[in-house]
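Visitor: Pasting a predicted model and its sequence here:
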Amino acid sequence: MFGMVVEKIIIPEIQKVSGPVEKKICAVGITKLLTECPQMMDAEYTKLWIPLLQALIGLFELPEDDTIPDDEHFIDIEDTPGYQTAFSQLAFAGKKEHDPIGDMVSDPKILLAQSLQTLSASCPGRVTSMISRSLNADALQYLQGYLQAASVNLV
């Protein structure tokens with residue numbers, strides 16, 4: 001069931017996440033899933049490891065996917081005739097965006113690089129072979145940039 005959620009929901013839909021805080025939350029969660037969850041390195045979920053890493057790099061580097069599926073034909077309240085909403089923005093009541101991760105993670109790309117180094121040290125050769133064998137060239141180039149920025153190497 002977990003594999004289906006990752007394969008059918010997380011990987012294809014991660015690009016639709018908008019907002020810097022939301023992207024940061026998703027990036028930290030996926031990084032921890034990739035690097036701190038031993039089951040992701042087991043035979044059952046190994047096939048999802050590279051696509052999930054590629055989706056995470058896409059979250060960092062690709063523009064947000066704001067397309068709406070064809071089968072989404074919901075009628076908004078604003079579209080119904082005869083209904084009008086009223087809204088008054090309060091001048092001094094702005095809502096500060098809450099970042100639950102805060103300063104624990106300043107740059108999710110650096111966290112990914114450092115976490116991959118830790119995982120690589122615990123599974124020598126396995127992570128680097130999976131990455132070099134299966135990750136597409138663009139994603140690999142971005143990942144190498146993250147590793148250089150964090151001053152880490154994979155074993």
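Guide: That came through, no problem.
Visitor: Can you give me every residue that contacts Leu53?
Guide: Contact partners of Leu53, counting by Cβ atoms under 8 Å, 6 or more residues apart in numbering, are 34, 131, 135, 139, 143. In short, each C-beta sits where N, CA and C put it, glycine included.
Visitor: can I get the residues you listed in CSV with secondary structure and neighbour count?
Guide: Converted to CSV, the contacts of Leu53 look like this (DSSP: H, G, I helix; E, B strand; the rest coil; neighbours: other Cβ atoms under 10 Å):
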residue, secondary structure, neighbour count
Leu34, helix, 21
Ile131, helix, 19
Leu135, coil, 18
Ala139, helix, 20
Leu143, helix, 22
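Visitor: which of these lies closest to Ala113?
Guide: Looking at the contacts of Leu53 and their distance to Ala113, the nearest is Leu143, at 7.9 Å (Cβ to Cβ).
Visitor: so the closest one makes contact with Leu56?
Guide: No: with contact defined as Cβ atoms under 8 Å, Leu143 does not reach Leu56; the gap is 9.6 Å.
Visitor: Now list whatever residues contact both of the two.
Guide: Taking Cβ under 8 Å, 6+ apart as the criterion, Leu143 and Leu56 both touch Leu112.
Visitor: related to what we said a few turns ago, any chance of the contacts of Leu53 in TSV, with pLDDT too?
Guide: Listed next are those as TSV, based on pLDDT from 0 to 100:
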residue	pLDDT
Leu34	97
Ile131	97
Leu135	96
Ala139	97
Leu143	98
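Visitor: Let's have those residues in CSV, adding distance to Ile14.
Guide: Output for those, formatted as CSV (distance: Cβ to Cβ, whole Å):
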residue, distance to Ile14
Leu34, 12
Ile131, 19
Leu135, 16
Ala139, 13
Leu143, 16
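Visitor: Burial check on Asp99, number of neighbours?
Guide: 14 (other Cβ atoms under 10 Å).
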